Structures are given as structure tokens and as C-alpha cells.
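Participant: pasting the sequence and the predicted coordinates here, then a few questions.
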Amino acid sequence: MADRRLFVTKDLNTGAIIQLDQAQAHYLLHVLRLQEGAQLLAFNGKHGEWRVRIAKAGKTGCSIEPIEKVREQTVAQDLHYAFAPLKQGRLDYMVQKAVEMGVSVLQPVFTAHTAVPRINLERVRSNVIEAAEQCGVLSIPEVNAPLNLETLLQACENERVIVFCDERAAVASPLAVLSRLSGQKVTALLGPEGGFSADERKMLLSRKLVCPVSLGPRVMRADTAAVAILALINAVLGDWR
């Protein structure tokens, strides 16, 4: 069971005893059926990954004890992902894949054609942690409160290049476009299923640090397009190079 991973919020260091919350205790003791002395891996996004053992398991709770550090903390790549919220099941999938792709910030954005008027941020954060636990990720992406598109553009102005998926982009090759952005901070922006409105597209294209990118001739659903654009950015600008 040493390959099981658990995210904790407490500091990880030798000699610490970390009391788990009720949900984590239930998962270890009743779902995985682990007992006192069993070992697993734990991380908190700050102190690397540690091998820990269950120090106490009982009806009143469960605690773990760090034994040794097995991986040093990694620095997350500076890749932000801004997206129009989707319906719940597909949003869960998209968030999980974004974590696997190494984004450092998840930024919900409401647009004119966004079909989902609200987003459950706690559910998003739970999906972030679950994806990190399952995929060996050490840095937990930040989940921000929603913004409207104009506010996002103002927040990024002069700071970050916004790469947005645009089926009418002038240059067909996304690799050619992205290769021009080397050394710059990037925010990937994906609109809703209905795309950006004419006014929103005009607003995007009027900004200095905005880069339209084509994803080719195929029509993709938003969660598929998310994987595509993040893979392209990683391949050209990120940690796949």
C-alpha cells in the first residue's frame, strides 16, 4: 500500500504526529482497510513527499507519522488556466486533466455564452486534490474565485500573455504561434461550448498581450480542447521540452 498517496494540510517533518480529518480517516481505515503500522505516501504541496505510517487507528480517529522524505518539493510551472465553467461531470474531468497537465492556477471565467451560471469551488478543489493524489503531483494548483472576462483581461494586462482558442485564428499552426512566446508568462483561456461572442472576440483581439491559437479543423468539446491546448503549451513552452 506504499503507493497510496494522501494530501494533508499540516507540516510534514520527522517526529510530527498528524491527526487526519474524519473523511481521510474513513478512507484509510474503512475503504482501504489499513491498520496501525501500515505505510503510505503523504504530501502537502510545501515539504515534498514523505513516507508515513499510521500511528493510531481507532473509532475516535486516525493519525499518521512521517518516517522519511522520499521526494523533494518541486516548483510548479507558471501556467494559468482560465476556463468557462461546464456542466458538473465534464467540469470534473477538465479540472482533473488540467492538474495532470501541470497548471498552477485554475481561474473560472464567466462569458456571454457560459451555460453554467455558478461553480462549486469546493468541488473543484476536491477534484484538484484527488487528481494530485492519483497522479503523483506535488504542487497543488490554486483555485481562484470566478471573474468575468473583462476583469481577467485587466488582471493579466502587461503581466501575462493570454493564449485563447480561436477557430478563426489567422495562423493555422499553433506550434508556430506558441514558439513566439518563449520566456513569457502564459494564461491559457478556453471559452464556453458556444464560443466567445463577437464583442468578446473583438475585445480579446484588441489587447496587446493576447494570442489567438487555432486547434485545427476539428470541432472539439470544451473539455477535449482543454487537454489539446495545455498539451501544446507544455510541448512548446512548458516542461515537455
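Facilitator: That came through fine.
Participant: going forward, measure contacts and count neighbours with C-alpha atoms only.
Facilitator: OK.
Participant: is residue 158 in contact with residue 209, as I believe?
Facilitator: Yes - between residue 158 and residue 209 there is a contact under CA atoms under 8 Å: 6.8 Å.
Participant: the more surrounded of the two?
Facilitator: residue 209 (18 against 11; other CA atoms under 10 Å).
Participant: measure that one to residue 156 for me?
Facilitator: Distance, residue 209 to residue 156, using CA to CA, to the nearest Å: 8 Å.
Participant: kindly report the same for residue 211.
Facilitator: Where residue 156 is concerned, residue 211 sits at a distance of 13 Å (CA to CA).
Participant: which residues are in contact with each of those two?
Facilitator: residue 162 (CA atoms under 8 Å, 6 or more residues apart in numbering).
Participant: comparing the two, which residue is more hemmed in?
Facilitator: Neighbours were counted for residue 211 and for residue 156 using other CA under 10 Å; residue 211 has more, 22 against 16.
Participant: what pLDDT does the residue positioned nearest the centre of the chain get?
Facilitator: Of all residues in the chain, the one closest to the mean position by CA atoms, centre = their mean is residue 99, 3.3 Å from it. Per-residue confidence (pLDDT) for residue 99: 97.
Participant: pull the CA atoms of the helix or strand where it lies into PDB?
Facilitator: Assigned by DSSP states H and E, residue 99 falls within helix 88-100. In PDB, the C-alpha atoms belonging to helix 88-100 read as follows (Å, rounded to 0.1, in the frame of the first residue of the first chain):
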ATOM      1  CA  GLN A  88     -20.600  19.200 -13.500                       C
ATOM      2  CA  GLY A  89     -19.400  15.900 -14.900                       C
ATOM      3  CA  ARG A  90     -17.400  17.400 -17.700                       C
ATOM      4  CA  LEU A  91     -16.100  20.100 -15.400                       C
ATOM      5  CA  ASP A  92     -14.700  17.500 -13.000                       C
ATOM      6  CA  TYR A  93     -12.900  15.800 -15.900                       C
ATOM      7  CA  MET A  94     -11.500  19.100 -17.200                       C
ATOM      8  CA  VAL A  95     -10.200  20.100 -13.800                       C
ATOM      9  CA  GLN A  96      -8.600  16.700 -13.300                       C
ATOM     10  CA  LYS A  97      -6.800  16.800 -16.700                       C
ATOM     11  CA  ALA A  98      -5.600  20.400 -16.100                       C
ATOM     12  CA  VAL A  99      -4.000  19.200 -12.800                       C
ATOM     13  CA  GLU A 100      -2.300  16.300 -14.600                       C
END
